[in-house]
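**Q** the sequence isn't on hand, but the structure is:
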């Protein structure tokens, strides 16, 4: 069962999912009638579902990899909507979302394949060398991981890529993360991080990520 969130938090998460990009509070209010502030915001930040950064006088929010994973679990779980109060429309929405989840499962798609955004910028097909680098990343990951979908430290992964440029590696990892083929998260225990860990980290969604998990 997924981590149940309140109505406002759930609505914000699903809206950020559909838009697939950074969303400022004024736009959020225009779309769903409220802003993500106070305890609702800080709880989602603490759970690392959403990153929120101050832009001028307003916050800008974006789903993290953990946030995308929560959305996938929420719509696939076929659980009832968040606790009351709830409307008939809210209950119907969860039936619709369950149908979306079934469709994605049959087509072997992820939410990011449908809702992921490139902020209006067209994405050109990857060049062959980038495909080669993705393959090398996957091979290195399999050599390091101890269990299916386990976590591997980027500081251990990068040296196994034969001197590939850090920027090129970052670009491939970000694309894998955007499409849901891989997940990047920060190290929970910041006290164990070394200078090498910090240097190997990749910044996504406004935070440094140190660990990688790749889907089979």
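**A** Yes, it's here. Everything numeric here is computed off the predicted structure, so don't read it as measured data.
**Q** outline the domain layout of the protein.
**A** 7-115, 128-214 (automatic domain parsing).
**Q** for the protein, which spans come out with low pLDDT?
**A** 1-2, 77-101, 104, 111-112, 114-131, 216 (pLDDT under 70).
**Q** how about the residue sitting nearest the centre point of it: what's its closest non-neighbour residue?
**A** By Cα atoms, centre = their mean, the mean C-alpha position of the chain lies nearest to residue 65, the distance being 2.0 Å. Nearest residue to residue 65 in three dimensions, chain neighbours excluded: residue 183, at 4.5 Å (Cβ to Cβ, 6 or more residues apart in numbering). Quick note: C-beta positions are derived from backbone N, CA and C, even for glycine.
**Q** which helix or strand contains the one you found?
**A** In this assignment (DSSP states H and E), residue 183 forms part of strand 182-185.
**Q** swap in residue 59?
**A** Applying DSSP H and E, one finds residue 59 within strand 58-63.
**Q** just the buried positions in that strand, please.
**A** 59-63 (16 or more other Cβ atoms under 10 Å).
**Q** which strands or helices does that strand pack on?
**A** Using 3 or more Cβ pairs under 8 Å, 6 or more residues apart in numbering; DSSP states H and E, the elements in contact with strand 58-63 are helix 7-19, strand 23-24, helix 25-32, strand 50-55.
**Q** and the shortest one, what does it pack onto?
**A** Counting by 3+ Cβ pairs under 8 Å, 6+ apart, the packing neighbours recorded for strand 23-24 are strand 58-63.
**Q** coming back round to it: buried residues in whichever helix or strand comes after the strand holding residue 59, which are they?
**A** Toward the C-terminus, strand 58-63 is succeeded by helix 65-76 as the next helix or strand (DSSP H and E). Under the neighbour-count criterion of 16+ other Cβ under 10 Å, helix 65-76 has 65-72, 74-76 buried.
**Q** between those, which is closest to residue 168?
**A** Looking at the buried residues of helix 65-76 and their distance to residue 168, the nearest is residue 65, at 20.4 Å (Cβ to Cβ).
**Q** so who does that closest one touch?
**A** The contact partners of residue 65, taken as Cβ atoms under 8 Å, 6 or more residues apart in numbering, are 177, 183-185, 204-205, 209.
**Q** mind picking the two most distant members of those?
**A** Put simply, by Cβ to Cβ the two of the contacts of residue 65 set farthest apart are 183 and 205, 11.6 Å from each other.
**Q** all strands of the chain, in order?
**A** 23-24, 50-55, 58-63, 152-153, 182-185, 202-204, 207-209, 211-214 (DSSP state E).
**Q** with distance to residue 31 added, can I get those strands in a markdown table?
**A** Converted to a markdown table, those look like this (distance: least, Cβ to Cβ, whole Å):
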| stretch | distance to residue 31 |
| --- | --- |
| strand 23-24 | 8 |
| strand 50-55 | 16 |
| strand 58-63 | 12 |
| strand 152-153 | 37 |
| strand 182-185 | 27 |
| strand 202-204 | 24 |
| strand 207-209 | 25 |
| strand 211-214 | 31 |
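**Q** mind listing what's buried along stretch 21-31?
**A** Using 16+ other Cβ under 10 Å as the test for burial, stretch 21-31 gives 22-25, 27-28.
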